[in-house]
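Chemist: What shape does this take:
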Amino acid sequence: GILITTIASKGELQMWPELLPQLCNLLNSEDYNTCEGAFGALQKICEDSSELLDSDALNRPLNVMIPKFLQFFKHCSPKIRSHAIACVNQFIMDRAQALMENIDTFIEHLFALAVDEDPEVRKNVCRALVMLLEVRIDRLIPHMHSIIQYMLQRTQDSDENVALEACEFWLTLAEQPICKEVLTSHLVQLIPILVNGMKYSEIDIILLKGDVEEDEAIPDSEQDIKPRFHKSRTVTLQHEEERPQDPDDAEDEDDDDTLSDWNLRKCSAAALDVLANVFREELLPHLLPLLKELLFHPEWVIKESGILVLGAIAEGCMQGMVPYLPELIPHLIQCLSDKKALVRSIACWTLSRYAHWVVSQPPDMYLKPLMTELLKRILDSNKRVQEAACSAFATLEEEACTELVPYLSFILDTLVFAFGKYQHKNLLILYDAIGTLADSVGHHLNQPKLMPPLIQKWNELKDEDKDLFPLLECLSSVATALQSGFLPYCEPVYQRCVTLVQKTLAQAMMYNQHPEQYEAPDKDFMIVALDLLSGLAEGLGCHVEQLVARSNIMTLLFQCMQDTMPEVRQSSFALLGDLTKACFVHVKPCIAEFMPILGTNLNPEFISVCNNATWAIGEICMQMGAEMQPYVQMVLNNLVEIINRPNTPKTLLENTGEAGGGTAGTPAITIGRLGFVCPQEVAPMLQQFIRPWCTSLRNIRDNEEKDSAFRGICVMIGVNPGGVVQDFIFFCDAVASWVSPKDDLRDMFYKILHGFKDQVGEENWQQFSEQFPPLLKDRLAAFYGV
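Modeler: Predicted structure coming up:
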């Protein structure tokens with residue numbers, strides 16, 4: 001069986017046409033071992049080649065196989081029954097035609113096996129129903145009541161693997177539009193079952209060393225440390241809406257990290273979280289009586305599960321929980337000093353889920369006591385608590401921002417002390433907490449105590465050590481925050497970044513010439529170094545000029561901008577834009593070489609590369625002025641095409657405010673800036689981009705970039721007024737999006753609006769302005785008297 005499936009998985013099924021018919025024949029064997037062996041092989045083939053089996057390439061064998069498998073659902077051996085369901089299950093998600101034709105028989109047979117005594121069979125039945133819920137809910141709806149009753153039973157199955165498969169049902173059901181309608185009457189049964197599943201099992205506690213309270217002196221084993229991925233720098237515009245924290249981010253930093261295995265506890269908590277988002281306050285009558293009992297329970301395992309429940313519902317039930325928070329938050333803060341480490345760590349997580357509310361109250365009431373206790377937990381003697389406290393503190397920093405300034409000295413003392421205390425894994429989380437602090441409090445961070453320990457770590461790490469990634473990210477935030485306060489440290493940091501880029505490029509070159517002799521470099525080193533250089537350029541501004549003058553960074557940048565890896569190009573263009581703003585004197589001599597490369601990277605398939613290249617072009621325009629003229633044609637057509645793409649991903653059209661989200665603001669701003677410096681070249685195209693240009697900039701807050709772009713559009717309208725006539729209402733709307741334009745820009749708007757009105761005459765203007773939404777009409781009348 002193993003030999004056969006290995007051959008088949010190597011793609012040899014087409015070369016062996018008699019294999020599947022032969023295996024299917026063996027299923028009929030009187031000899032149990034033959035039948036079981038053939039089924040084992042078939043199950044593996046179905047898992048490995050489900051798409052191929054459902055294609056014309058093999059002459060649609062499923063037309064025979066699926067009805068055959070369905071016959072075996074009634075076999076006397078549980079192992080065979082289990083194989084049969086597992087084989088059919090492989091074809092549900094892809095809606096294989098042969099299965100869809102037999103779907104009613106399949107569902108009937110599943111129901112017949114619902115109370116099978118074999119756990120493996122029950123598990124496969126549950127798995128099938130969960131997948132059918134996603135792809136053929138229409139077939140389940142008539143039976144939904146009994147399916148839900150069945151799943152309530154199975155979620156409490158004595159076999160944890162069955163319970164886990166069944167618990168997935170609630171996660172999937174929550175995503176279906178009919179969830180509320182079919183589940184409301186069952187909540188009274190379901191909620192206690194989910195809550196009960198959120199307790200640690202005895203095995204969890206043993207695996208988590210739940211009885212080991214102090215382990216801070218024990219070094220981490222390297223396999224515990226998950227690889228980190230660096231997010232390349234993305235240039236974004238300030239936008240009006242800040243996104244709330246995604247609950248998935250918080251889930252990722254869940255409390256039982258080392259049990260990265262998905263288990264009943266995690267699945268139950270995730271199900272409660274999504275159901276809270278569906279049912280909102282309607283969940284609370286079923287939950288509150290349970291919560292009261294759990295949260296104050298003398299047994300720590302039960303109390304711990306209550307705290308997890310409270311965290312899981314934080315997002316969905318926030319409104320309904322507000323009246324109880326003045327009582328609950330102090331209780332949770334008390335739990336931060338519980339004698340069990342697992343209670344302390346879950347309390348950190350749950351409190352972070354309510355950080356937004358804590359920060360909205362007067363600081364002395366909850367923020368100050370919470371921060372004081374969390375800082376103690378950052379110095380806990382248990383590593384899991386340290387980790388949970390650091391992650392929770394990072395969330396609190398994002399919510400509180402400058403509210404933390406009065407306590408900064410105290411916060412920094414704690415974080416600096418943690419440097420000397422932490423083992424490897426938690427150090428990496430500590431860097432993140434410091435970077436987030438820098439992003440949150442900005443220049444207030446300028447205190448002498450923070451940099452020495454960071455620089456000490458920086459000096460200890462070798463150039464090949466991956467721990468440099470989080471440290472470089474952290475320093476990038478710190479450099480941007482400290483601004484000139486970072487000057488004393490900038491020289492060695494700058495030099496090392498340049499060295500990292502140089503080493504990586506050299507290694508890549510050797511590898512490309514002699515792949516058999518050399519290893520491929522890890523380009524993340526180069527990406528992180530480029531991003532830190534961007535942070536330095538942004539933080540130090542013109543002070544970075546001497547550093548650039550004494551290095552070969554522009555030559556290196558020329559190579560990085562042409563790298564095969566998109567993330568390297570993305571970070572290169574961010575750095576190019578930052579250097580253009582900080583010390584254009586060193587960029588200008590390279591413009592003739594750089595512009596064609598920027599032009600070829602205006603390819604929206606690589607959205608972040610495209611976004612950063614676009615932004616850099618805009619910054620270059622502002623420095624070059626009229627000298628930009630020879631380069632306009634290299635970039636203009638691509639920019640106009642990008643701004644007109646109907647399927648531009650949301651991130652490009654509407655800046656979501658996080659790194660990694662781009663903005664359509666960016667192409668619009670760059671087109672505006674190009675038009676500002678070279679109106680004769682750009683204005684003839686006005687009609688091709690004015691409408692998307694206006695719609696993408698109306699959502700961006702007043703700022704310098706928006707200002708320069710609108711000046712460009714006004715100058716272009718002066719050169720080619722006909723280009724805007726058909727879409728003038730869009731222009732009016734974009735002008736009205738300004739809250740307080742500078743006086744001379746307001747005059748430009750005034751002249752264009754009144755010029756248009758005079759041109760068309762009073763009567764036509766009246767007809768035209770009838771189309772305006774009332775709000776737009778009022779704004780234009782109030783601000784510009786039209």
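Chemist: what about I206, helix or strand, and which?
Modeler: Under the criterion of DSSP states H and E, I206 resides in helix 202-207.
Chemist: With K180 instead?
Modeler: According to DSSP H and E, K180 maps onto helix 179-183.
Chemist: Which strands or helices does that helix pack on?
Modeler: Using 3 or more C-beta pairs under 8 Å, 6 or more residues apart in numbering; DSSP states H and E, the elements in contact with helix 179-183 are helix 144-154, helix 160-174, helix 264-279. Using the backbone N, CA and C atoms, a C-beta is placed for each residue, glycine as well.
Chemist: closest to M65 out of these?
Modeler: Across the helices and strands packed on helix 179-183, M65 has its closest neighbour in helix 160-174 (23.8 Å, C-beta to C-beta).
Chemist: Show me what the closest one is packed against.
Modeler: Counting by 3+ C-beta pairs under 8 Å, 6+ apart, the packing neighbours recorded for helix 160-174 are helix 119-135, helix 144-154, helix 179-183, helix 187-197, helix 264-279.
Chemist: can you redo the helices and strands packed on helix 179-183 as TSV with mean pLDDT, distance to L415 and mean neighbour count?
Modeler: Shown next, in TSV, are these (pLDDT from 0 to 100; distance: least, C-beta to C-beta, whole Å; neighbours: other C-beta atoms under 10 Å):
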stretch	mean pLDDT	distance to L415	mean neighbour count
helix 144-154	97	47	17
helix 160-174	96	37	22
helix 264-279	96	29	23
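Chemist: Just put those helices in TSV and tack on distance to A433.
Modeler: Listed next are the helices and strands packed on helix 179-183 as TSV, based on distance: least, C-beta to C-beta, whole Å:
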stretch	distance to A433
helix 144-154	41
helix 160-174	31
helix 264-279	24
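Chemist: Flag the shaky bits of this structure, pLDDT-wise.
Modeler: By pLDDT under 70, the low-scoring segments of the chain are 223-224, 226-231, 235-260, 647-664.
Chemist: can you list contacts of stretch 543-560?
Modeler: Contacts to stretch 543-560, defined as C-beta atoms under 8 Å, 6 or more residues apart in numbering, come from residues 484, 487, 490-491, 494-495, 498, 501-502, 505, 526, 530, 533, 536-537, 568-569, 571-572, 575-576, 579, 582-583, 585-587, 589-590, 593-594, 597.
Chemist: Go through the host helix or strand of K376 and flag the buried ones.
Modeler: For K376, the host element (DSSP H and E) is helix 367-378. Across helix 367-378, burial judged by 16 or more other C-beta atoms under 10 Å covers L367, P369, L370, M371, E373, L374, L375, R377, I378.
Chemist: Count the residues that sit near S221.
Modeler: 9 (other C-beta atoms under 10 Å).
Chemist: ignore the last one, P323
Modeler: Neighbourhood size, P323 [other C-beta under 10 Å]: 9.
Chemist: just checking, what packs against the helix or strand hosting Q43?
Modeler: Using DSSP H and E, Q43 sits in helix 32-48. If you count contacts as 3+ C-beta pairs under 8 Å, 6+ apart, helix 32-48 packs onto helix 2-7, helix 19-26, helix 78-89.
Chemist: Other residues contacting the helix or strand following it?
Modeler: Moving toward the C-terminus from helix 32-48, the next helix or strand (DSSP H and E) is helix 50-53. Helix 50-53 is contacted from outside by L13, I45, C46, L58, P61, L62, M65, Q90, F91, D94, A96, using C-beta under 8 Å, 6+ apart.
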